[in-house]
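J.: sequence plus predicted model, see below.
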Amino acid sequence: MSGLIAATPAHKALSQTSVDYRGEIWLNAGSGDFAPYGIMSNRYGVTTQPSSIMVRGALKHEWNTTARWSWTAGADIIAQASSATDYARYQQSSKSWIERDLRPSAAHIQQLFAGIRYRSVFAIVGLKEYPSAILNDSLSSGDFTRGINARPMPGVSFGLWRFVDIPFTRGALQISGEIFYGRPTDSGWLEDHYNYYSSFINTNWWYNYKRLYFRTKPSLPVSVTFGMQAACQLGYNIRHYFGGNFGYSLVDHVNLWETLEMLLPSSGEGYWRGNHLGSWDLMTRWQMPSGHQLKAYFQWPWEDGSGIGRRNGWDGIWGIEYVAASPRSIISGAVIEYLDFTNQSGPTHWAPHDRPGTTITDEATGSDSYYNNANYNGYTYFGMGLGTPFLPGTIYNRDGYMCYVDTRVRGFHMAAKGWLASNFDYRVMLSYRQGWGDYYAPRAHKVHDFSWMLEAAWHVSNVPGLKVSAIAAMDHGDMIGNNIGGAISLTYTGSFTLGNHGK
């Protein structure tokens, strides 16, 4: 009898499910062709237009971190009305250019996923917003390989959901990793925004992301995290246009086995099909006796093979992050980053095996052209970069060009956040960058952009879960245009429990 009574609370706990909910009303307005950089970027692709009103609702059940078996699920729906941006399109029938007013869809599913976990191994299926693996998403300019700039992509993710000790190291070394296979659904967006005059459009491709990190013992004052991220665009349906006339098409269908070859290469060269990019990552964290933390980190980008061998000089994201001992400090966190993508392993790329019959047998593995590829549109999803937005994505190309214009970019980024009162927090960002175009298509003159953003939030004390936020932001320069705007939002969060509550 006593055993039955003792088991009752555990049974009740198992029969109950905690659900978090979130509702938001968002309004932004401004001038320019797009929302300012600080409002538009690193928000999972939610806001792109200079003016919009959005209603958003979400439900989510989080992992039970203390149980061996656990599950998670969530749904996140957005409805919005937005201003339009003009994009150029060539009409072959009339031999003329027209301007088309394009805007995001009135409603879309931002997240819809379900996942299961046993101990540290997880699998998730669906649309889900994944954070950066190593950078502070609220302060950084963005992860080079997989950031929080674009919408979630439908797919399946599996791996280790946290760092775990490597056997026989006694906790001195830990490991974490993830593999994701996704299928983009933005073919309609590409069809609408392409100019049908020059270059090419590529649809019906697949996406693969993988990560492997190691970490030294985190309980020590100094801990180091290091490893690699890798991403791949695979398969295509390419259509080339020349002077407004259709030229030719190329199709590469991909089956399941060919996607697995990227993980388990067999004989032949199938494992390197597609557009491959990624980064070598390293972060060193120093835990001070006072509780404050300092982190120094870098991400060394690579595009195909040359960057992996570190032939691209000092290209990368180099940052320092401060984390206060108290999360409610006036300055609870700050980041300063230097970003340089100008080397690209040199200005020339020449691979003799790509030119059968050539008498030039020497090889030059330069002109990495980060995020671009000869067979793939820019490394974007719905026009927003899948990596860092510091390199402007294709959504900014109002001429309908579907590749990155500025890949050779250099600049800096600074950000800080904190609490000015017990119910009032803030976040501020400042970025400056210069662009020289691309080695394949260099600009005649250097372009630049200066962007800032100030965000403040009031947490209403007598209504727990209610938050009122305001944002002001501005861009100035000829890289992404002069955009100025602001936003206000009303957010309410809470939770409830489903299941047997007992009596």
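T.: Arrived safely, thanks for sending.

J.: tell me where the stretch 151-300 of the chain has helices.
T.: Secondary structure of the stretch 151-300 of the chain by DSSP state H, counting those that start in this stretch: the helices cover 187-193, 256-260.

J.: and those, which one is worst for confidence?
T.: Comparing mean pLDDT across the helices of the stretch 151-300 of the chain, the weakest is helix 256-260, with a mean of 69.

J.: output the below-cut-off pLDDT ranges for the chain.
T.: Residues of the chain meeting the criterion pLDDT under 70: 1-15, 256-257, 259-272, 305-307, 309, 348-355, 359-367, 500-503.

J.: tell me the centre residue of it?
T.: Nearest residue to the geometric centre of the chain (Cα atoms, centre = their mean): Gly147, 2.3 Å.

J.: could you report the neighbour count for His240?
T.: Neighbours of His240 under the rule other Cβ atoms under 10 Å: 15. Bear in mind the C-beta positions are built from the backbone N, C-alpha and C, glycine included.

J.: please apply the same query to Ala415.
T.: 22.

J.: ok, it - contacts?
T.: Contacts here follow Cβ atoms under 8 Å, 6 or more residues apart in numbering; on that basis Ala415 touches Ser138, Leu139, Ser140, Ala334, Val335, Arg427, Val428, Met429, Leu430.

J.: now neighbour count too, for the residues you listed, in CSV please.
T.: Output for those, formatted as CSV (neighbours: other Cβ atoms under 10 Å):
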residue, neighbour count
Ser138, 15
Leu139, 24
Ser140, 25
Ala334, 18
Val335, 23
Arg427, 20
Val428, 17
Met429, 24
Leu430, 16
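
J.: thinking again about what came up before, which residues are in contact with the residue nearest to the centre of the chain?
T.: Applying Cβ under 8 Å, 6+ apart, the residues near Gly147 are Asn42, Ser132, Leu135, Asp137, Gly385, Leu386, Gly387, Thr388, Pro389.

J.: and the second one, that's in a helix?
T.: No: the assignment for Ser132 by DSSP: H, G, I helix; E, B strand; the rest coil gives coil, which leaves it out of any helix.

J.: please name the nearest non-neighbouring residue to it.
T.: Leaving out its chain neighbours, the residue that sits closest to Ser132 by Cβ to Cβ, 6 or more residues apart in numbering is Asp143, at 4.0 Å.

J.: return the subset of the contacts of Gly147 lying in strands.
T.: Cross-referencing those against strands under DSSP state E gives Gly385.

J.: before we move on, the earlier item: residues touching the residue nearest to Ser132, list them.
T.: For Asp143, the contact set (Cβ under 8 Å, 6+ apart) comprises Ser132, Ala133, Ile134, Leu135, Gln229, Gln299, Gly387, Thr388.

J.: quick check: the fourth one touching Lys295?
T.: No: taking Cβ atoms under 8 Å as the definition, Leu135 is not a contact partner of Lys295, at 9.6 Å.

J.: any common contacting residues for those two?
T.: Gly319.

J.: for these two, indicate the residue with more neighbours.
T.: The neighbour comparison of Leu135 against Lys295 (other Cβ under 10 Å) goes to Leu135, with 26 against 20.

J.: for the closest residue to the more buried one other than its chain neighbours, what is the enclosing helix or strand?
T.: In this structure, Leu135 finds its nearest non-sequential neighbour in Asp143, 5.2 Å apart by Cβ to Cβ, 6+ apart. Element membership for Asp143 (DSSP states H and E) is empty, with no helix or strand holding it.

J.: quick revisit: for the residue nearest to the centre of the chain, phi and psi?
T.: In terms of degrees, to the nearest 10, the main-chain angles of Gly147 are phi -110, psi -160.

J.: separation between it and Trp161?
T.: 19 Å (Cβ to Cβ, to the nearest Å).

J.: now Thr65: how far from Gly383?
T.: In terms of Cβ to Cβ, Thr65 sits 36 Å off from Gly383.

J.: show me the residues around the residue nearest to Ala230 when sequence neighbours are not counted that make contact.
T.: Of all residues not flanking Ala230 in the chain, Gly278 sits nearest, at 3.8 Å (Cβ to Cβ, 6+ apart). For Gly278, the contact set (Cβ under 8 Å, 6+ apart) comprises Phe144, Thr145, Met228, Gln229, Ala230, Ala231, Pro301, Trp302, Ile308.

J.: look up how far Trp436 lies from the first one.
T.: Going back to what we said before, that points to Phe144. For Phe144, the distance to Trp436 (Cβ to Cβ) stands at 19 Å.

J.: more neighbours: the two, which one.
T.: It is Phe144, of Phe144 and Trp436, that has more neighbours when counted by other Cβ under 10 Å, with 32 against 17.

J.: scan the contacts of Gly278 and report the most crowded one.
T.: Among the contacts of Gly278, Phe144 has the most neighbours (other Cβ under 10 Å), with 32 neighbours.
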